[in-house]
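> kindly return the folded structure for what I paste below:
(4 chains)
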There are 4 protein chains.
Amino acid sequence: MNRVKIIIAGPRGRMGSEAVKMVTNTEHFELVAVVDHKYEDHMLSDLDGFHSIKNVPIYSTIEKSLQSVECDVLIDLTTPEVGMHHARTALQYNVRPVVGTTGFTKADLEELEQICKDKNLGCIIAPNFALGAVLMMKFSQMAAKYFNDIEIIELHHDQKLDAPSGTAVKTAEMMAAVREFKEQGHPDEKETISGARGAEYNGMHIHSVRLPGLVAHQQVLFGSDGQTLSIRHDSYNRASFMSGVKIAVETVMKQDVFVYGLENILE
Amino acid sequence: MNRVKIIIAGPRGRMGSEAVKMVTNTEHFELVAVVDHKYEDHMLSDLDGFHSIKNVPIYSTIEKSLQSVECDVLIDLTTPEVGMHHARTALQYNVRPVVGTTGFTKADLEELEQICKDKNLGCIIAPNFALGAVLMMKFSQMAAKYFNDIEIIELHHDQKLDAPSGTAVKTAEMMAAVREFKEQGHPDEKETISGARGAEYNGMHIHSVRLPGLVAHQQVLFGSDGQTLSIRHDSYNRASFMSGVKIAVETVMKQDVFVYGLENILE
Amino acid sequence: MNRVKIIIAGPRGRMGSEAVKMVTNTEHFELVAVVDHKYEDHMLSDLDGFHSIKNVPIYSTIEKSLQSVECDVLIDLTTPEVGMHHARTALQYNVRPVVGTTGFTKADLEELEQICKDKNLGCIIAPNFALGAVLMMKFSQMAAKYFNDIEIIELHHDQKLDAPSGTAVKTAEMMAAVREFKEQGHPDEKETISGARGAEYNGMHIHSVRLPGLVAHQQVLFGSDGQTLSIRHDSYNRASFMSGVKIAVETVMKQDVFVYGLENILE
Amino acid sequence: MNRVKIIIAGPRGRMGSEAVKMVTNTEHFELVAVVDHKYEDHMLSDLDGFHSIKNVPIYSTIEKSLQSVECDVLIDLTTPEVGMHHARTALQYNVRPVVGTTGFTKADLEELEQICKDKNLGCIIAPNFALGAVLMMKFSQMAAKYFNDIEIIELHHDQKLDAPSGTAVKTAEMMAAVREFKEQGHPDEKETISGARGAEYNGMHIHSVRLPGLVAHQQVLFGSDGQTLSIRHDSYNRASFMSGVKIAVETVMKQDVFVYGLENILE
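As a prediction, the model looks like this:
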């Protein structure tokens, strides 16, 4: 198998630097360039943290990089505005984009889908590359067809400001879409201290635990007569996103369609 | 919707008595008869434990029951030998069987499949009706495509004789069928007390915990850089099988094909 | 060692019937009589559920039983009113009481303590005999001296009416008594769905999960930089109380003082 | 309250650099010097990673530091050989040592204990400063008096070479010292795959899970009729040791005796 030739945009970001590590450590991947508007005419090995990564040129724009090196896939880990321009441009050069940003508009997504169709090219846009978290949500949705008594416990470090977490709400939405509605708990249940039964979403309950020491964890519990099923994801650090990026790169080379959401490339 | 008319074979067994309870407590189900070779010419309400269940006749053979009452589905919770005869006979009377026994031979299954095809009738044979356990195995298999570092911890009461449990071995088999093979653990890892790393199955490890107080529990753990995913089923009592039987009855009325294994009717 | 001679009051209750089983199954215990106001002039083996327990007479009052048989310990599993009379009477006959009821008044407890002092006899009154739950609370209190970031998750079947559970509130009280006060969570944290952060008790948070299938479970989580500690108790059925009763009987024979609360006889 | 004046020996090590962070972030602590044989005549702020820590001189020997600055406590995070010399010297200067190394000999410990007695000074030597892990072991030992059915599950990253972990073996030893002996599991239990029931230690069973993504975790499970109790510690990074060092510093100022092991200063 030929190695997949990859350009990474945003190599100095927290996700980007993990992606550089993942690509250079994967045998069938090859990092051919990076895009960084701050460092024209340098090599990646000139930058702090990348001294050991040899022979990878930096280009200040996506256009220059695509004109200068041969490439199969663009991994973009920048911002929604830049990401859209990068994805559109990559497709014009017949390069398949794997983009990890939230915040694309509906119009953006439709435009990219149309270009993919016209050019018969794959493109994957994924707001969440944490493979385990995506599987947790997918399995939870599947289980919600059979169990309609469900509670979510999400646990994070105590610097997190919002409760419930975005992942918990998204999981609840996905389950509500397929679950037979039920107002859970006993009809006469009573909170002797307010808030004990957690946040309610569509009859389900969500509990947000915040403690120093914790990182990012979520457990979805399903109950029925005599049994419980639980699905839990524990994320300890940013490296957890890279297995998702890797699968996306492998998949985008095989599929000639536009895909939004990592869950849609997992069987 | 018309209520589904049901005959139960084996009503006095541990599963059977739970099934009687489930069918009579489900609004869209109707128990029209039971088959019990020991109690001809009685009503079910004559038997200990069933006094409150009125108007359900007992027949000593499947044939008599099918000739005497109108029926849609047979729930069979007897033995493999009896179960095969019951399923074959039910199909001949255009009644759809839901059978919860292990131990059918390959020839048995092929014969039933052929009858279903000829008569255009549904039939479900399921060795395991514990919905949560079946989903745990199904999700584990799906996750094993993406994570090839996997350990199983199964926990049971200390009266259990075999280790690992049958469910743990079956889960490992299902995962091995799709997982990219890997000899897990560090190549140089060393047990300072023999057995610490558990049982090995195809490079995965299985750990069997036995304690008084426990009932039947299994957790499948998946790990990759910076994250873990875990899927756990806790079974507390036999009632846990009944949600699976209920779904099987509902499904067998809608599908006109032979199905082996509850996992194959879950989407 | 001589076997401990035991009278049980309230043998037909849910706790009482478990106690009969425990006492008759413990080699160094001997059941010499039971007290049941409904069944004078019978033997325990005459009653449903006790047919196999031979040679144990039933007395209709505590006085009659104490006058008729030689005895070391009274296990009382009746009601607070009856229990107080039973305990007082037992002590007058130099029999040591082990009483498992809540609801004794302060005056009751002081009276019993005085009698114990006067007669130099042991007596144990315990509102909760679930050994594991009592240890969970004790350990949580000890840990709360060192970790002041604490959250409680309690999980029960969905027929439970009150949230949080009494055990959760009691655990929080015990911890608040020794914990350095802290208003937990980020000062700017915000609930986007009300209730997400649970019930607040003295700056700690309590979350109540209710699902069919669950029995009675509680987990106390402690967090600090880079680590979490968690203590969990799972109760599956009433038999879980009996190890506590057993330890209380063994202890009451060795200690000549009044004790309130199982936690105070555990070292 | 006066701030505790502290010297840290070994500031560039992994534990040492965390200790510098902890001491400078604790309001009632003051870092007055560090000992580092490599950097005479420098300030700590000259070294990489410590640029923001102002006004802390480096001395090349413990003697020079003790002669140059006024100090209450020495935190030593070097090696056993150096640590012994440091502790002995500190005590001679009436400075109380808190030493975090394993490997002291029995003679070393006895010598230090004698000096403490002679000078009426506190000194704490602790092979493990992870507060949560120490509490887990302490609670497990307490619970082992009441539950003699115990299994340990320890979970670590897959780069760990030995199984079971040192902490698991130490926990088992501590429990065996107080637990009523029992050969656990059913007498007729049988491993269909060898190793399933884990490592055996004194009749208890230990299971070692190894997966990428995991850090360092241990769960001790206790079972009896109808209930289980479990105590779990999760360690995510080295910062977890610092709460133990902090408590040791606070305690060594109040106690005028020699103590070995963090567990012996926790009530």
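
> now A:M204. Nearest residue, chain neighbours left out?
A:I150 (4.8 Å; Cβ to Cβ, 6 or more residues apart in numbering or on different chains). Any C-beta I mention is one placed from the backbone N, CA and C, and that applies to glycine too.

> next, the residue nearest the centre of chain A: phi, psi?
Most central in chain A under Cα atoms, centre = their mean is A:N128, positioned 1.6 Å from the mean C-alpha point. The phi/psi pair for A:N128 (degrees, to the nearest 10) reads phi -140, psi 120.

> show me what contacts it?
For A:N128, the contact set (Cβ atoms under 8 Å, 6 or more residues apart in numbering or on different chains) comprises A:V134, A:T167, A:G244, A:L262.

> near chain B at all, the strand or helix carrying the second one?
Secondary structure here is read from DSSP states H and E; on that basis A:T167 sits in helix A:166-176. No - where contact is defined by Cβ under 8 Å from any Cβ of the partner chain, no part of helix A:166-176 touches chain B; the two come within 12.9 Å at best.

> what number of residues lie near the nearest residue to A:S235 once chain neighbours are set aside?
Leaving out its chain neighbours, the residue that sits closest to A:S235 by Cβ to Cβ, 6+ apart is A:A216, at 4.3 Å. A:A216 is flanked by 20 other residues according to other Cβ atoms under 10 Å in any protein chain shown.

> for A:I247, see how far away A:A216 is.
According to Cβ to Cβ, to the nearest Å, A:A216 stands 20 Å off from A:I247.

> how many neighbouring residues does the closest residue to chain C within the stretch 1-150 of chain A have?
The stretch 1-150 of chain A approaches chain C most closely through A:D149 (5.1 Å), counting by Cβ to the nearest Cβ. Neighbours of A:D149 under the rule other Cβ under 10 Å: 23.

> for the stretch 51-200 of chain A, what lies in contact range of chain C?
Residues of the stretch 51-200 of chain A that fall close to chain C, judged by Cβ under 8 Å from any Cβ: A:149-151, A:153, A:155, A:158-164, A:169, A:184-186, A:188-200.

> hmm, which of those residues are the buried ones?
Taking 16 or more other Cβ atoms under 10 Å in any protein chain shown as the criterion, what is buried in those is A:149-151, A:153, A:155, A:158, A:160, A:162-164, A:169, A:184-185, A:189, A:193, A:195-200.

> packing partners of the helix holding A:T167?
If contacts are counted by 3 or more Cβ pairs under 8 Å, 6 or more residues apart in numbering or on different chains; DSSP states H and E, helix A:166-176 sits against helix A:131-144, strand A:150-156, strand A:199-201, strand A:204-210, strand A:216-224.

> for the stretch 151-267 of chain A, what lies in contact range of chain B?
Checking the stretch 151-267 of chain A against chain B by Cβ under 8 Å from any Cβ, the hits are A:222, A:224-243, A:247, A:266-267.

> strands - which of those land there?
A:F222, A:S224, A:Q227, A:T228, A:L229, A:S230, A:I231, A:R232, A:H233, A:D234, A:S235 (DSSP state E).

> my read: the third one touches B:M242, true?
When you say that, I think you mean A:Q227. No - in this structure, A:Q227 is not within contact of B:M242 by Cβ atoms under 8 Å, at 10.0 Å.

> tell me which of the two has more neighbours.
Relative neighbour count places A:Q227 above the other of A:Q227 and B:M242, with 28 against 24, counting by other Cβ under 10 Å.

> stretch A:16-34 and chain B in contact?
No - using Cβ under 8 Å from any Cβ, stretch A:16-34 stays clear of chain B, with a minimum separation of 8.5 Å.

> now that stretch: buried residues?
Those would be A:16-24, A:26, A:29-34, for stretch A:16-34 by 16+ other Cβ under 10 Å.

> output it in CSV with nothing but the alpha carbons.
Extracted in CSV, the C-alpha atoms of stretch A:16-34 (Å, rounded to 0.1, in the frame of the first residue of the first chain):
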residue,chain,number,x,y,z
GLY,A,16,-2.5,20.1,15.7
SER,A,17,0.7,19.2,17.6
GLU,A,18,-0.9,15.8,18.6
ALA,A,19,-1.8,15.3,14.9
VAL,A,20,1.8,15.9,13.8
LYS,A,21,2.9,13.3,16.3
MET,A,22,0.3,10.8,15.2
VAL,A,23,1.0,11.2,11.5
THR,A,24,4.8,10.9,11.9
ASN,A,25,4.3,7.8,14.1
THR,A,26,2.0,6.0,11.7
GLU,A,27,3.8,3.8,9.2
HIS,A,28,1.4,4.1,6.3
PHE,A,29,1.1,8.0,6.7
GLU,A,30,3.6,10.6,5.5
LEU,A,31,3.7,14.2,6.6
VAL,A,32,4.6,16.2,3.4
ALA,A,33,4.0,19.8,4.7
VAL,A,34,2.3,22.0,7.2
